[in-house]
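In: Can you look at this prediction? I've put the sequence above it.
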Amino acid sequence: MDRPDLPLNALRVFEVAMRQGSFTKAAIELRVTQAAVSHQVARLEDLLGTTLFLRTSQGLVPTDEGRLLFPVLGHGFDAMARVLDQLGERRAIEVLNIGVNTTFALGWLMPRITLFRNKHPEVDLRISTNNNRVEILREGLDMAIRFGTGGWTGHEAIPLVEAPLAPLCAPALTARLPHPSDLAQETLLRSYRSAEWTQWFDAAGTDCPPLTGPIFDSSVALAELAASGAGAALLPVIMFENWIAQGRLAQPFEVAVSVGRYYLAWPSDRRVSPAMAAFSNWLSGICAH
């Protein structure tokens, strides 16, 4: 396609719709109507002779053609924005959208984030938290910090911090827990990762009691319940060191079990921008220390 024929407006609308995962959200960002967004995407699909989105009851689902086009446009628009900033004699500011597991955000990242902002004022860092279930592309993120074992399909990932799990509870509860087997008489607060308590009891050399009761998708919620005296929670101790120092939580046993670690991840087909590189280098460096 010749450059004079490039449908720049339609391409821009498509890039925003892809990043937002919704015509409605794209319309809000672009300050136009949803119908205008739909019209521009349909125009682009007609021009290319291919379908870029599947419209389903769950929302927009990009086709293979849409996924192929999206990163090229994102890189191109980012490059144009940087040059325009330079031509305007302004310091180039690059927006970086990071999704962060809530536990890591509160227990590790936020107390240190000023260090990054001071070192890299050229990066407009925007953080959104999640419960470890995150879709980087659909949620309009550049990178995400998540807990697990790595190896996510279609993503690059670098290890950050090991976070072994151990039981934490209200300090008053520890008097009833001279041995790991005594936990069987207490309420064991559970996360959606159902095998963790079994793994910990195996490491402690005692049988795991039957696990009942509600399941939570947030370590912070589990910590709040444990601190209130509702039971014992299996938590990444390193993320709750401040709670322990403040006397809100106590660790009755030294036994800990590793079921994963925190990683910084991003889509494999995404070009690593200067802001992504700056954040990755800073984060991996400070985690190493």
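Out: Sure thing, it's come through. This one's a predicted model, so the numbers in the text were calculated from it and none came from an experiment. Numbering: from 1, shown residues only.
In: What's the local residue count around the nearest residue to R19 once chain neighbours are set aside?
Out: Nearest residue to R19, sequence neighbours excluded (CB to CB, 6 or more residues apart in numbering): G140, at 4.5 Å. For the C-beta atoms, the positions are set from N, CA and C on the backbone; glycine is no exception. Burial of G140, expressed as a neighbour count using other CB atoms under 10 Å, amounts to 19.
In: What helix or strand is L54 located in?
Out: Element membership for L54 (DSSP states H and E) is strand 53-56.
In: now for the very next helix or strand once past that strand, which elements pack on it?
Out: Of the helices and strands lying after strand 53-56 in sequence (DSSP H and E), the nearest is strand 59-62. Using 3 or more CB pairs under 8 Å, 6 or more residues apart in numbering; DSSP states H and E as the contact definition, the elements that strand 59-62 packs against are strand 53-56.
In: Which SSE is immediately downstream of the helix of greatest length in the chain?
Out: Ranked by residue count under DSSP state H, the longest helix found in the chain is helix 64-87. Downstream of helix 64-87, the next assigned helix or strand under DSSP H and E is strand 94-101.
In: how about that next one: buried residues?
Out: By neighbour count on 16 or more other CB atoms under 10 Å, the buried set for strand 94-101 is 94, 96-101.
In: For V255, which residues are in contact?
Out: For V255, the residues meeting the contact criterion (CB atoms under 8 Å, 6 or more residues apart in numbering) are 166, 180, 200, 203-204.
In: Return the entry from these with the maximum number of neighbours.
Out: Of all these, W200 has the most neighbours under the rule other CB under 10 Å, reaching 24 neighbours.
In: wait, that one sits on P164?
Out: No. Counting by CB atoms under 8 Å, no contact exists between W200 and P164, whose distance comes to 9.6 Å.
In: Overlap of the contact sets of those two?
Out: The overlap between the contact sets of W200 and P164 (CB under 8 Å, 6+ apart) consists of 256-257.
In: how about the nearest residue to W282, chain neighbours excluded?
Out: With CB to CB, 6+ apart as the criterion, W282 has its nearest non-adjacent residue at 5.2 Å, and that residue is F116.
In: other SSEs contacting the helix or strand hosting that neighbour?
Out: For F116, the enclosing helix or strand under DSSP H and E is helix 113-119. For helix 113-119, the packing partners by 3+ CB pairs under 8 Å, 6+ apart come out as strand 123-130, helix 274-288.
In: picking that back up, give me the distance between the residue nearest to W282 and V123.
Out: Distance, F116 to V123, by CB to CB, to the nearest Å: 8 Å.
In: what about the two, which has more around it?
Out: V123 (21 against 17).
In: Mind listing the residues bridging to the more buried one?
Out: For V123, the beta-bridge assignment (DSSP bridges) gives partners E94.
In: That one touches L96, doesn't it?
Out: Yes. Assessed by CB under 8 Å, V123 is found in contact with L96 at 5.3 Å.
In: quick one on the thing from earlier: what's the average pLDDT for the helix holding F116?
Out: Here the mean pLDDT over helix 113-119 is 93, rounded to a whole number.
In: what comes up buried for it?
Out: Neighbour-count burial for helix 113-119 flags F116 (criterion: 16+ other CB under 10 Å).
In: Pull out the buried positions in stretch 9-18.
Out: Within stretch 9-18, the residues that qualify as buried by neighbour count (16+ other CB under 10 Å) are 10-11, 13-18.
In: again, but for stretch 53-71
Out: Using 16+ other CB under 10 Å as the burial criterion, the residues of stretch 53-71 that qualify are 53, 60, 62, 66, 69-71.
In: coming back round to it: among the buried residues of strand 94-101, which one lies nearest to C208?
Out: When the buried residues of strand 94-101 are compared for distance to C208 (CB to CB), N101 wins out at 25.5 Å.
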